[in-house]
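Trainee: no sequence for this one, just the structure:
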């Protein structure tokens, strides 16, 4: 099973990374490997809305998204982890998602969606933010849902934690780490 994860926080060892590491631990203890993309450390230019992908389904720009495109195409499970900034996903996460416009063109204009492999395609969304208003989860979740559906992930689970701001504070949450660990193990369940 091919499993990839996107680390959308620029902060090392912060709450988002703690959640993602917990998820990965659950997956690796089940005998699978996870390919992690640290979006803040990658060379990804923003989408230029140039229309270059409309006829082919492939972006005309060459940068680190080329690696991501291939990984998304072949993934069975995809984890997206992001802090909530201003009621949305982080800029790093959103930049990567915006560059997936080529997948949107491929799926909806050219009618060539990514096909499911033998395990199907499932996703897991991990969100954490300092605010306490649900609108951050709702807005970030809507963007993530559009991303998952565009890359032909028909179902995903969302785990979100609000009121968590200080670095490492998620470790004091009474249920977060256990919930994320269990959700990751559920993600790799091979029933489709």
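Mentor: Received the coordinates, thanks. All figures in this text were calculated on a predicted structure; none of them were measured in a lab.
Trainee: quick one: furthest residue from the center of this structure?
Mentor: The centre of the chain is farthest from one residue, residue 55, which by CA atoms, centre = their mean lies 26.0 Å away.
Trainee: Just the element for the residue nearest the centre of the chain, please.
Mentor: The residue lying closest to the centre of the chain (CA atoms, centre = their mean) is residue 80, at 1.9 Å. Element membership of residue 80, judged by DSSP states H and E, is strand 77-85.
Trainee: which secondary structure elements does the helix or strand just after that strand contact?
Mentor: Counting by DSSP H and E, the element after strand 77-85 in chain order, helix or strand, is strand 88-89. Judged by 3 or more CB pairs under 8 Å, 6 or more residues apart in numbering; DSSP states H and E, strand 88-89 is in contact with helix 135-150. Bear in mind the C-beta positions are built from the backbone N, C-alpha and C, glycine included.
Trainee: I'd like the next helix or strand past the helix it packs on.
Mentor: Sequence order places strand 155-162 as the next helix or strand after helix 135-150, per DSSP H and E.
Trainee: what lines up beside that following strand in the sheet?
Mentor: According to DSSP bridges, strand 155-162 forms sheet pairs with strand 122-129 (parallel).
Trainee: how far out from the middle of the chain is the partner strand?
Mentor: Distance of strand 122-129 from the chain centroid (CA atoms, centre = their mean, to the nearest Å) equals 7 Å.
Trainee: What of stretch 89-99?
Mentor: Offset of stretch 89-99 from its chain centre (CA atoms, centre = their mean): 10 Å.
Trainee: What are the contacting residues of it?
Mentor: Here stretch 89-99 makes contact (CB atoms under 8 Å, 6 or more residues apart in numbering) with 6, 8-10, 37, 39-40, 44-47, 59, 65, 68, 80, 82-83, 85, 88, 140, 143-144, 146-147.
Trainee: If burial is judged by neighbour count, which of the residues you listed pass?
Mentor: Buried by 16 or more other CB atoms under 10 Å: 6, 8-10, 37, 39-40, 44, 47, 59, 65, 68, 80, 82-83, 85, 88, 140, 143-144, 147, out of the contacts of stretch 89-99.
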